[in-house]
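Enquirer: below is the sequence, then the predicted model.
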Amino acid sequence: MIKVEPYRPQPFIDFSLQANVDAYQAALARVRAELLGKHYPLIIDGERIDTAEKLLSTNPCDTSEIVGSTARATTEHAQRALDGAWTAWATWKAWDVDARARILLGAAAILKRRRLEACALMTLEVGKNYAEADVEVAEGIDFLEYYAREAMKYGGFGAADTTWYEGEENGLMYLSLGVGVSISPWNFPCAIFAGMLAAPIVAGNCVIAKPAEDSGMTAAFVVDILIEAGLPAGVLQFLPGVGEEVGEYLVQSARTRFITFTGSRSVGLHINEAAAKVHKGQKWLKRVILELGGKDALIVDETADIQGAVTAALQGAFGFNGQKCSAMSRLVVVNSVYDSVVDAFVERAAALTVGTGEANANVTAVVNAESFDKIRAYQEIGKGEGKLLLGGQAPGKHGGKTGHYVQPTIFGDVDRHARIAQEEIFGPVITVLRARDWQDALDIANSTEYGLTGGVCSRDRARLEQARNEFEVGNLYFNRKITGAIVGVQPFGGYNMSGTDSKAGGPEYLGNFMQMKAVTERF
Ligand code: NAD
C-alpha cells in the first residue's frame, strides 16, 4: 500500500483571471513552436516505428493548417503488437501492484506539469476552447490518480471478503486478464484515452491502444508521458490507425482477451457482435466493455428556477459544440413554462460567440468534414420536423478562416418520435420538446433507446424522487448541467444503447479488467 494523500479531483483553472488567459496563450505559442508539424510514429515493444502512410491531424477551426501527424498501423503491426504485449504480460502481471500504481502517479505528476501544453495541443487538434480543454486534462490527471489508488485495494490473497469455513483457508484473488485493446474516440483524446488504458494497465494487463484518427497527436502526447513515468516496453503498444483496418483486426483476433471501446453506437454494436464470434485457437470469451452515444434530455418543470435551468441547458447543450456523449441534445419543457424557458434559452444561445478554440470562442468548429456533413444534414431534417428558432446554417467559414463551422441551432416544438428527437447528432443542434405536464416530460425523456445522462430542473421533491428511480440513465443530475462528470465523484457510464454501464472513474471500474480466483486450502 503506497502512502499517498486521499484522492481529490483536480481544481479547474479560472479563466476569468487574465493571468490564466495569458498563461494559456503562452502555452499555445509554445505548442505552435514545438509541436506543430510534429510526426509521431507507432510504438511497439518500446521501438518507434514509422510507416509509409500517415494520418494527418487537421485544425478543425482552420482546415488549411495541418497540426501534425501519426504513423498509420497495418494489420502486420497489430500482430507484432499482440506478440510483444503477450510477452510483456508474463512479467508485468507479476509486478507488485504498488509499483504499477506508482507509474500512474508519476504520469499524473508529469501531466500536471504539462497541463497547459496538453490543453493547447487539443485546442489546435480538435478545436477545444480553454475551459473545455482544461477540464479534460484535469479529468485525465484524475483518472491516473484515482485508478492508482483503486488498484491497491485488489492486492494480495483475500482482497475480497469470503465467509470463514471450518478447517479451511478460503479467499479470493484478483488476477489480470492478459492483453486487450483499447479503442477510443476523438472527443476526449486526453482523458478518455488515458483512462481507458491506465485502468487495465494498473490492473496488470497489457494494452494495445488504438486512438481515433482525428486526435492521434494528443494520444501520442499521453503515451510519451506514461513511458517517461517508467512504463516498461510492451505493456502499452501505441497503434494509431484506421478503425476499420487495424481496429477491426484487433477486435477479431483470437489473441485479444478483452476490448474496451468508447465511441458511437453503430461501431460499438458491430464490435459487440464481432467479438462474440470465436476464432480458431481462441480459448476464452472476449470481455467487451462498451461506452456509446447518447440523446440526453434535460427536463424543466413549472416549479424550476427558470434562469438556473436555462443556464444548465445552455452549458449542457453547447459546451464543446455539443460534441460530448453527455451533451444535452433534448430540452423537454412542460407546457406552462415552455415559452419563457425557450425564449430565454434561444436568447442566450444567440449571444454565444462562434470562432476558433485559440480565440477561446464559446462555440468552435466541429471536428471534421464527416461530422460537418452529418450535422448539416440534420439541420435540414430538422427544418422539416420542427420550428427553427435559431441558426440552421453551416457556413463552413468564420472570421476569414475556412473550418467546419456550423451555427448553434435550436428547433422547437419537435415531436418526440422525430429523427432529431431520437438520433444522436453530436453537434450544436438542439431539439426542444413540449410536454403536457411533468409525467409526460419524464415519458418523453425515456422515449429514446439511449440512456446516458439526463437531468431535471425542479423544486418538487416528489418528482425528483420519482426521477431518481424512473429516469432511465446512467448519470442523472438535478438542478444543474448534465455534462462534466468528475472522476470518483460521478462514476460515468450509460444504460440501454448507451453502453454496458461500466462506470469509468468509479469504485468498480478496475474489476472490468480482472478475473477472480477463489482458492481453498484444507490443512
Ligand atoms: P466512432 O465510433 O466513429 O470511433 C471510435 C473509435 O472506433 C475510433 O478510434 C475509430 O477508429 C474506431 N473504429 C471505427 N470502426 C471500427 C471498427 N470496425 N473496429 C474497431 N474500431 C473501429 O466514434 P467517434 O466519432 O470517435 O466518437 C464519437 C462517439 O463516441 C459519439 O457517439 C459519442 O457519443 C461517443 N462517446 C461516448 C462516450 C461515453 O462515455 N459513453 C464518451 C465519448 C464519446
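Expert: Yes, it's here. Numbering: from 1, shown residues only.
Enquirer: okay, the residue in the chain that the ligand sits nearest to and L172: tell me how far apart.
Expert: For the chain, the residue closest to the ligand is G243, as judged by C-beta to the nearest ligand atom, at 2.2 Å. For every residue, glycine as well, the C-beta is placed using N, CA and C. Using C-beta to C-beta, to the nearest Å, one gets 37 Å for the distance from G243 to L172.
Enquirer: okay, these two: which has more neighbours?
Expert: Neighbour comparison, G243 and L172: the larger count goes to G243, with 18 against 15 (by other C-beta atoms under 10 Å).
Enquirer: the residue lying closest to E228 once chain neighbours are set aside: neighbouring residues, count only.
Expert: Closest residue to E228 apart from its sequence neighbours, by C-beta to C-beta, 6 or more residues apart in numbering: I110 at 5.9 Å. Residues near I110, counting by other C-beta under 10 Å, number 16.
Enquirer: do the same with G155
Expert: 15.
Enquirer: residues in contact with it?
Expert: Taking C-beta atoms under 8 Å, 6 or more residues apart in numbering as the criterion, G155 is in contact with 1, 96-98.
Enquirer: just L269 next, same as before
Expert: 292, 497.
Enquirer: element containing it, please.
Expert: helix 265-276 (DSSP states H and E).
Enquirer: alpha carbons only: can I get that helix in PDB?
Expert: The C-alpha coordinates for helix 265-276 follow below in PDB (Å, rounded to 0.1, in the frame of the first residue of the first chain):
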ATOM      1  CA  ARG A 265     -23.400   3.200 -31.100                       C
ATOM      2  CA  SER A 266     -23.100   1.700 -34.600                       C
ATOM      3  CA  VAL A 267     -19.400   0.900 -34.200                       C
ATOM      4  CA  GLY A 268     -19.900  -0.400 -30.700                       C
ATOM      5  CA  LEU A 269     -22.700  -2.700 -31.800                       C
ATOM      6  CA  HIS A 270     -20.600  -4.000 -34.600                       C
ATOM      7  CA  ILE A 271     -17.700  -4.700 -32.100                       C
ATOM      8  CA  ASN A 272     -20.000  -6.400 -29.700                       C
ATOM      9  CA  GLU A 273     -21.100  -8.800 -32.500                       C
ATOM     10  CA  ALA A 274     -17.700  -9.300 -33.900                       C
ATOM     11  CA  ALA A 275     -16.100 -10.000 -30.500                       C
ATOM     12  CA  ALA A 276     -18.700 -12.700 -29.800                       C
END
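Enquirer: use 34 as the first number from now on
Expert: Sure, I'll start numbering at 34, so the last one becomes helix 298-309.
Enquirer: and after it, which helix or strand comes next?
Expert: For helix 298-309, the following helix or strand on the C-terminal side (DSSP H and E) is strand 320-324.
Enquirer: taking helix 298-309 as reference, get the angle to that following strand.
Expert: 180 degrees (axes from the mean of the first three to the mean of the last three C-alpha atoms, to 10 degrees).
Enquirer: packing partners for strand 320-324?
Expert: Contacts defined by 3 or more C-beta pairs under 8 Å, 6 or more residues apart in numbering; DSSP states H and E place strand 320-324 against strand 291-295, helix 298-309.
Enquirer: angle of the last one against strand 291-295?
Expert: Right, the one you point to is helix 298-309. Interaxial angle of helix 298-309 relative to strand 291-295 (the same axes, to 10 degrees): 180 degrees.
Enquirer: how is the chain divided into domains?
Expert: 73-325+534-555, 329-519 (automatic domain parsing).
Enquirer: of all those domains, which one comes closest to E38?
Expert: Nearest to E38 among those is domain 73-325+534-555 (9.6 Å), distances taken as C-beta to C-beta.
Enquirer: thinking again about what came up before, return the distance of the helix holding L302 from the chain's centre.
Expert: The chain centroid and the centroid of helix 298-309 are separated by 18 Å under C-alpha atoms, centre = their mean, to the nearest Å.
Enquirer: give me the element Q112 is part of.
Expert: helix 108-125.
Enquirer: give me the buried positions along that helix.
Expert: 110-111, 113-118, 121-122, 125 (16 or more other C-beta atoms under 10 Å).
Enquirer: buried residues in stretch 39-58?
Expert: Buried, per 16+ other C-beta under 10 Å, within stretch 39-58: 42-43, 46, 56-57.
Enquirer: around the ligand, pick out the residues from this protein.
Expert: 216-221, 225, 243, 245-246, 276-277, 280-281, 284, 295-297, 300, 303-304, 324-327, 358, 457, 459, 485, 527, 531-532 (C-beta under 6 Å from any ligand atom).
Enquirer: please report phi then psi for G419.
Expert: phi -150, psi -180 (degrees, to the nearest 10).
Enquirer: the one 4 residues further on too?
Expert: Phi and psi for L423, reported as degrees, to the nearest 10, are phi -160, psi 140.
Enquirer: give me the element the closest residue to it other than its chain neighbours is part of.
Expert: In this structure, L423 finds its nearest non-sequential neighbour in I443, 4.2 Å apart by C-beta to C-beta, 6+ apart. I443 is located in strand 442-445, with elements delineated by DSSP H and E.
Enquirer: the strands in the stretch 84-233 of the chain, which residues?
Expert: 87-91, 99-104, 201-209, 212-216 (DSSP state E, counting those that start in this stretch).
Enquirer: which of these sits most buried?
Expert: strand 212-216 (a mean of 28; mean count of other C-beta atoms under 10 Å).
Enquirer: relative orientation of it and strand 320-324 in degrees?
Expert: 20 degrees.
Enquirer: average pLDDT across strand 212-216?
Expert: The average pLDDT within strand 212-216 is 98.
Enquirer: pull the CA atoms of it into CSV?
Expert: The C-alpha trace of strand 212-216 is given here as CSV (Å, rounded to 0.1, in the frame of the first residue of the first chain):
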residue,chain,number,x,y,z
VAL,A,212,-3.7,-8.5,-23.5
GLY,A,213,-6.6,-6.3,-24.5
VAL,A,214,-7.3,-3.5,-27.0
SER,A,215,-8.5,0.0,-26.0
ILE,A,216,-10.3,1.8,-28.8
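Enquirer: what pairs with that strand, parallel or antiparallel?
Expert: Strand 212-216 pairs in its sheet with strand 239-243 (parallel), strand 291-295 (parallel), by DSSP bridges.
Enquirer: ok now it, how far from the chain's centre?
Expert: 16 Å.
Enquirer: which residues does that strand contact?
Expert: By C-beta under 8 Å, 6+ apart, strand 212-216 touches 115, 118-119, 122, 226, 229-230, 233, 238-243, 276, 280, 283-284, 288-296, 304, 320, 546.
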